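Trainee: following is a predicted model, sequence given first.
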Amino acid sequence: MSDQDAPPAKRPRVSSEDSDLPLYPQTPTRTPPFSLDEIASSPLSSPPPSSPLSPPSSVDRTLLVKLKLPVAQPIKEGEPQPLTFSVPARPIAKAKPASRRKAAPKTTQPKKPRAKKVQVKKEEVVNAQEGKPEPFGSPEIWADKRQQFCEALRWHRSLQKGAYTHDNIAYGLLIDKEVTIRDRFDDQIIITTVGGGRTQDESGKSKRTKNQDKSTTAVAFQRSQAKKIPIGVVAGQGNSISPSKLPYYYNVLGWFQVTDVWCEFVEGFSTWKIRLEKIDLCKTSWWAAKTAEIRPAPNFTEPKARSLSCGSCGVETKEMFNCGWTCLNRPCQNFFQFPDDVDQDKLDYNPAFLNERTSWTGEWPGSLSEPLPTKEYLGSKFASGTESEFFKGIVCPKCGICVRRRDWDQWTCENEKCDFVHELKPKAVPIADILAIDPTEKHSDPLKYLFSDVVGYSGPKTKGLYTAYRFTLPGDHDALPGYVTFYKSCKLINSQPDGPNDQFRDMQIYNFGMMRKPSRGGESAYGVLTRHWAANWGAPYKFSVAHDSKEFRHAPEVLIKALKRMTWAGKEALGDLPADAQVPFVPFNELLSVGYFETGKMDYHDDGEKTLGPTVSSISLGSSATMVFRPKVGSHIMGPGKPNPKGEKKDVLSFVLEHGDIMVMHGSGIHKHYEHKVTPHGKIRFALTSRHILIDKIPANEVDYANRATQLPAGSDRYNYDGDVNARTIYESPTAKEEIRGLFNRALTRVQLGETTMAEVDELYERLKQEMEQKTNAPAS
């Protein structure tokens, strides 16, 4: 039976709350995550209808009983089993625990300095496919980079762990280079280790170093088994036991079901393992060896591994190993015990356990990927196209590769042999709509954001129509301090011609060529793109994330207008510094335009490139964002409270940048001793940041281009800025429909926030109607 013949059912929706990787909205047939109480009380004795691919199983497997009970208890049919517990203190005979160094006797000698941490090598790409037979077919979905499938597939969004779980339920699994003893990978079943307990040595290899008596990952897979949640599986070329040569670095295998979850000893440590079985057993797996015999139709009645109850703890477990039955209840004193003549290093699984097949009785999982988002979908959801669901990747319909959204207004296939492009430019949103739904709490006093008394403060002062606040960040030892000046905008400033409102509109209309660039890992399989889009103008700026720079003479006018505004702020900030800190202002010759969708962000970083001047200015357009500063790990400056285990210190300064606000940082010490991050809060935000690049310090082959790129277009002086000292109130003439719509949207937002009631909204509506009628009926003068 082909996939087209399978009944069309949708995959249960995975919530996006667990990760910053967004999802498309779905209409789930069954909505996880489930609560633990719901799982514990679910009537598993009445399973869902069986899959049409196979008849219902004649044997209903019983999950493990609760392990905390001190005596044998009757097993309730279908009762889910928690897998976390306390282990008895007595030793377990015949097992091979890791050797442990005896504790040294207490002495009065001074403590020795702590040993330096092992320098772990960076993760390297591994290909273990040499010499394997060719596969029967090819994957429908694949990826060159891990982030590609994490952004494109709803069921595996973890960039670090092999298993993707949410609310104690497993949804996806990656099997790559971590292969342990007794792991299995054939065309129908997978047996693999889950959970932690491993650390990397100096060579970068992962070794098991501690017992995993408790495993939240094992719990998650057990709950997936109980709730009939299918598991999407990806196999990497680093997996040395794949049955055939995997064609791409990451290959989607398909949907699997969890059949068994148990604990055993691996390399002398207690370790959790799972057995997965392909759901569609009637279709030959594409990853089966081309030379392998075609499997017969699945038999769901035999063979079956027998199950026995432990005489000590009363827990029933399968006969999984070829040397006989053993108790697999971890707290039991008979756990993993075998006759003396059994070499545990040569243990293998029982053929009946390996060859038994289980009928899938859950709902058909449906497609492994989501349909492409369209303009019609955008309209049906009343969306602008910058919501979190439009940040996610897609699966290319032409070649099957998982594609990240690298471009602001489209998805471009990342397979160099494919020319597929899917364009979906975000809609332009009026600034009034953005401000009406901005979730941040408005604070007129930035002093509320001071977290540490090490930060100095001066202000507020009036600069043009702005209110200016200056913060002083102390230097390390005798180093010079750094200064952060915050210019608070207002509605009058924002509404001026060519002001922030107009700039926000233009940033949405024009194509600036903004792209997501690698933030780490480059173009390797482990490469990760930024969570924002950016384009650079003027002199080349290549610190942290490299961007190709475009000449100012080709820049849209909105960027020149913003540059002039930031130039004014930079001059004003430096002119207000203490006398011993004042230096001449050096004009900016570079501008970085950055765009954020909903859930976008820019993590901790500094602007400390050696080619960078000491002054940085930035203007915020659209949704608000929180900007925070903290001392670097190697700095002697301490923030409030103790650093975390990684040595990272707490924030010392934070403030909200709202639409039209300008921020100026000055001082090389601020980049040397502090780092900052920006977290936007709404659906769309732009940040335009200017710096002065020291052209005499950039590579010689870039100097000529930099000198050309920094030349402003003719006539740009007409955009020179003075702080809006002569600003005038702008009277707009919206239509009645626009007025009512704007008021209605704002009123509903206030109701949702609990700031007003529907009764007050109704009263406002009646007053508005009366005023409109009076204007309409008023005699002409």
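Mentor: Okay, I see it.
Trainee: quick check: what element follows the stretch of helix or strand T217 belongs to along the chain?
Mentor: In the assignment (DSSP states H and E), T217 maps to helix 216-227. Downstream of helix 216-227, the first helix or strand assigned by DSSP H and E is strand 231-236.
Trainee: can you point out the buried residues in the helix or strand following that following strand?
Mentor: Once the chain leaves strand 231-236, the next helix or strand it forms, by DSSP H and E, is strand 250-266. By neighbour count with 16 or more other C-beta atoms under 10 Å, strand 250-266 contains the buried residues 250-266. All C-beta spots, glycine's among them, are computed from the backbone N, C-alpha and C.
Trainee: also stretch 160-167?
Mentor: 162-166.
Trainee: tell me how far A562 lies from D409.
Mentor: 20 Å (C-beta to C-beta, to the nearest Å).
Trainee: looking at these two, which is more packed in?
Mentor: Neighbour comparison, A562 and D409: the larger count goes to A562, with 29 against 15 (by other C-beta atoms under 10 Å).
Trainee: output the buried residues of stretch 160-167 in CSV; the columns should cover secondary structure, distance to K683 and pLDDT.
Mentor: Formatted as CSV, those follow (DSSP: H, G, I helix; E, B strand; the rest coil; distance: C-beta to C-beta, whole Å; pLDDT from 0 to 100):
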residue, secondary structure, distance to K683, pLDDT
G162, coil, 33, 93
A163, strand, 32, 96
Y164, strand, 26, 97
T165, strand, 28, 96
H166, strand, 24, 93
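Trainee: now those residues as TSV including distance to R330?
Mentor: Below are the buried residues of stretch 160-167 laid out as TSV (distance: C-beta to C-beta, whole Å):
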residue	distance to R330
G162	21
A163	19
Y164	25
T165	20
H166	25
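Trainee: ok, of these, which one's closest to S242?
Mentor: Nearest to S242, judged by C-beta to C-beta, of the buried residues of stretch 160-167 is G162 at 15.0 Å.
Trainee: gap between the closest one and T180?
Mentor: Taken as C-beta to C-beta, the span from G162 to T180 is 12 Å.
Trainee: name the residues that touch stretch 510-521?
Mentor: 404-409, 527-535, 544-547, 550, 556, 558-559, 593-595 (C-beta atoms under 8 Å, 6 or more residues apart in numbering).
Trainee: hmm, which of these are the buried ones?
Mentor: 404-408, 527-535, 545, 547, 550, 558-559, 593-595.
Trainee: which of the residues you listed fall within strands?
Mentor: The strands, defined by DSSP state E, take in 528-529, 533-535, 550, 593-595 from these.
Trainee: in terms of helices and strands, where is R330?
Mentor: Going by DSSP H and E, R330 is not in any helix or strand.
Trainee: sorry, back to before: and the ones in strands among the buried ones among the contacts of stretch 510-521 as TSV, adding pLDDT and distance to E389?
Mentor: Below are those laid out as TSV (pLDDT from 0 to 100; distance: C-beta to C-beta, whole Å):
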residue	pLDDT	distance to E389
V528	94	20
L529	94	18
W533	95	17
A534	94	22
A535	94	24
K550	93	30
S593	95	24
V594	95	21
G595	96	17
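Trainee: so where is this protein shaky, pLDDT-wise?
Mentor: Applying pLDDT under 70 to the chain flags residues 1-125, 201-204, 439-452, 478, 543-547, 639, 730-754, 775-781.
Trainee: surely Y705 is within a helix?
Mentor: Yes. Using DSSP: H, G, I helix; E, B strand; the rest coil, the assignment for Y705 is a helix.
Trainee: ok, and the closest non-adjacent residue to it?
Mentor: Distances taken as C-beta to C-beta, 6 or more residues apart in numbering place P540 nearest to Y705, at 7.5 Å, with adjacent residues excluded.
Trainee: please apply the same query to K697.
Mentor: In space, K697 is closest to T611, 4.4 Å off (C-beta to C-beta, 6+ apart).
Trainee: so the closest residue to T626 other than its chain neighbours, which of the three states?
Mentor: Excluding the flanking residues, the one nearest T626 by C-beta to C-beta, 6+ apart is T679, at 4.9 Å. Secondary structure state of T679, per three-state DSSP, is strand.
Trainee: ok, now which ones touch T679?
Mentor: So T679 contacts 601, 625-626, 628 (C-beta under 8 Å, 6+ apart).
Trainee: just among those residues, which is most surrounded?
Mentor: A625 (24 neighbours).
Trainee: next up, the contacts around that residue.
Mentor: 596, 656-657, 678-681, 685, 687.
Trainee: what are the bridge partners for it, then?
Mentor: Bridge pairing for A625 (DSSP bridges) gives the partners L657, P680.
Trainee: related to what we said a few turns ago, of all the contacts of T679, which two lie farthest apart?
Mentor: Top of the distance list for the contacts of T679 (C-beta to C-beta): K601 and V628, 11.5 Å.
Trainee: anything in contact with each of those two?
Mentor: 677, 679.
Trainee: re the thing from before, count of neighbours near the residue nearest to K697?
Mentor: 21.
Trainee: before we move on, what about the one 5 residues further on?
Mentor: Counted with other C-beta under 10 Å, the neighbours of V616 add up to 24.
Trainee: which element, helix or strand, includes it?
Mentor: Here V616 is assigned to strand 612-622, by DSSP H and E.
Trainee: quick one: list the elements packing against that strand.
Mentor: helix 500-509, helix 557-575, strand 662-666, strand 684-693 (3 or more C-beta pairs under 8 Å, 6 or more residues apart in numbering; DSSP states H and E).
Trainee: report the buried residues of that strand.
Mentor: Along strand 612-622, these residues count as buried under the neighbour rule (16+ other C-beta under 10 Å): 612-622.
Trainee: I'd assumed T710 was in contact with R553.
Mentor: No. Assessed by C-beta atoms under 8 Å, R553 is found out of contact with T710, at 9.8 Å.
Trainee: out of the two, which sits in the busier spot?
Mentor: T710 (21 against 15).
Trainee: ok, now which ones touch the more buried one?
Mentor: Applying C-beta under 8 Å, 6+ apart, the residues near T710 are 538-539, 552, 589-590, 693, 695.
Trainee: check those residues and tell me the two furthest apart.
Mentor: Longest span within these, C-beta to C-beta: F552 and I695, 13.7 Å.
Trainee: who has more neighbours out of those two?
Mentor: Neighbour tally, F552 and I695, criterion other C-beta under 10 Å: the higher count belongs to F552, 22 against 16.
Trainee: K517 versus the residue nearest to T626, what's the distance?
Mentor: Taking C-beta to C-beta, one finds T679 at 19 Å from K517.
Trainee: TSV for the contacts of T679, including distance to L153?
Mentor: As requested, those are exported to TSV (distance: C-beta to C-beta, whole Å):
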residue	distance to L153
K601	22
A625	29
T626	31
V628	32
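Trainee: looking at those residues, which one is closest to P430?
Mentor: Using C-beta to C-beta, those come closest to P430 at A625, 19.3 Å.
Trainee: from the contacts of T710, which ones fall inside strands?
Mentor: 538, 590, 693.
Trainee: filter those down to the buried ones.
Mentor: 538, 590, 693.
Trainee: distance to N726 added to those residues, as TSV?
Mentor: TSV is the format used below for those (distance: C-beta to C-beta, whole Å):
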residue	distance to N726
G538	29
E590	29
I693	33
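Trainee: of those residues, closest to C490?
Mentor: Closest to C490, out of all of these and judged by C-beta to C-beta, is E590, at 28.2 Å.
Trainee: what sits against that closest one?
Mentor: 536-541, 549, 690-693, 710.
Trainee: one more pass at 10 Å, please.
Mentor: By C-beta atoms under 10 Å, 6 or more residues apart in numbering, the residues touching E590 are 536-541, 549, 552, 563, 611-613, 616, 689-693, 706, 709-710.
Trainee: can you pull the contacts of the closest residue to it other than its chain neighbours?
Mentor: Using C-beta to C-beta, 6+ apart and skipping the chain neighbours, the partner closest in space to E590 is G538 (4.1 Å). Listed by C-beta under 10 Å, 6+ apart, the contact set of G538 reads 549-552, 555, 559, 563, 588-592, 690-693, 706, 709-712.
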